[in-house]
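> give me the fold of what follows.
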Amino acid sequence: MQHQINLTPITLYTQLLRAAELSQQKEIKIPIQQARLISMALNEMLDKINTDYSRLYDELKNKNTDSITVSMDGGGFDKQ
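I've put the predicted structure just below:
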């Protein structure tokens, strides 16, 4: 099982941004440590998306597609 991505820094940033918008601030400032945590969370998310995409692509590429063949003969109306 993969570890959970810590989304708390992104959530805190979103809340900070929303509060700034509601109070009509022109800018926001965050400490470098918080920016680093946001960057790490975003990179982990992108890595997971790329990994999942690659795995899905490989599975679909290597999937053995089963063919179904249907054949019909005309039959006949033989009198017996």
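
> which helices and strands sit right next to the longest helix seen in the chain?
Taking DSSP state H as the criterion, the chain has its longest helix at helix 32-62. When contacts are defined as 3 or more C-beta pairs under 8 Å, 6 or more residues apart in numbering; DSSP states H and E, helix 32-62 packs onto helix 8-22. Where you see a C-beta, it was placed from the backbone N, CA and C, and this is true even at glycine.

> tell me the angle the helix it packs on makes with helix 32-62.
If you take axes from the mean of the first three to the mean of the last three C-alpha atoms, to 10 degrees, helix 8-22 sits at 120 degrees to helix 32-62.

> show me how far helix 8-22 is from its chain's centre.
23 Å (C-alpha atoms, centre = their mean, to the nearest Å).

> just the buried residues of that helix, please?
For helix 8-22, the neighbour count (16 or more other C-beta atoms under 10 Å) marks 9, 13 as buried.

> now the longest helix of the chain: average pLDDT?
Across helix 32-62, the average pLDDT comes to 92.

> quick check: buried residues in that helix?
Buried, per 16+ other C-beta under 10 Å, within helix 32-62: 37-38, 41, 44.

> now do that helix: distance to the chain's middle.
8 Å.

> report the central residue of this structure.
Ile49 (4.7 Å; C-alpha atoms, centre = their mean).

> distance to Pro9 for the buried residues of helix 32-62 - can I get that in TSV?
Converted to TSV, the buried residues of helix 32-62 look like this (distance: C-beta to C-beta, whole Å):
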residue	distance to Pro9
Leu37	4
Ile38	5
Ala41	5
Glu44	11
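
> can I get the CA coordinates of stretch 54-71 in PDB?
C-alpha atoms of stretch 54-71 as PDB (Å, rounded to 0.1, in the frame of the first residue of the first chain):
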ATOM      1  CA  SER A  54       2.100   4.600 -16.500                       C
ATOM      2  CA  ARG A  55       0.700   1.600 -14.800                       C
ATOM      3  CA  LEU A  56      -2.700   1.900 -16.500                       C
ATOM      4  CA  TYR A  57      -1.000   2.400 -19.900                       C
ATOM      5  CA  ASP A  58       1.100  -0.700 -19.400                       C
ATOM      6  CA  GLU A  59      -1.800  -2.800 -18.300                       C
ATOM      7  CA  LEU A  60      -3.900  -1.700 -21.300                       C
ATOM      8  CA  LYS A  61      -1.000  -2.200 -23.700                       C
ATOM      9  CA  ASN A  62      -0.200  -5.700 -22.400                       C
ATOM     10  CA  LYS A  63      -3.800  -6.800 -22.000                       C
ATOM     11  CA  ASN A  64      -4.700  -9.900 -24.000                       C
ATOM     12  CA  THR A  65      -7.800  -9.000 -25.900                       C
ATOM     13  CA  ASP A  66     -10.000 -12.000 -26.200                       C
ATOM     14  CA  SER A  67     -11.700 -12.400 -29.600                       C
ATOM     15  CA  ILE A  68     -15.100 -13.800 -29.900                       C
ATOM     16  CA  THR A  69     -15.900 -15.600 -33.100                       C
ATOM     17  CA  VAL A  70     -19.400 -16.200 -34.100                       C
ATOM     18  CA  SER A  71     -20.100 -18.500 -37.100                       C
END
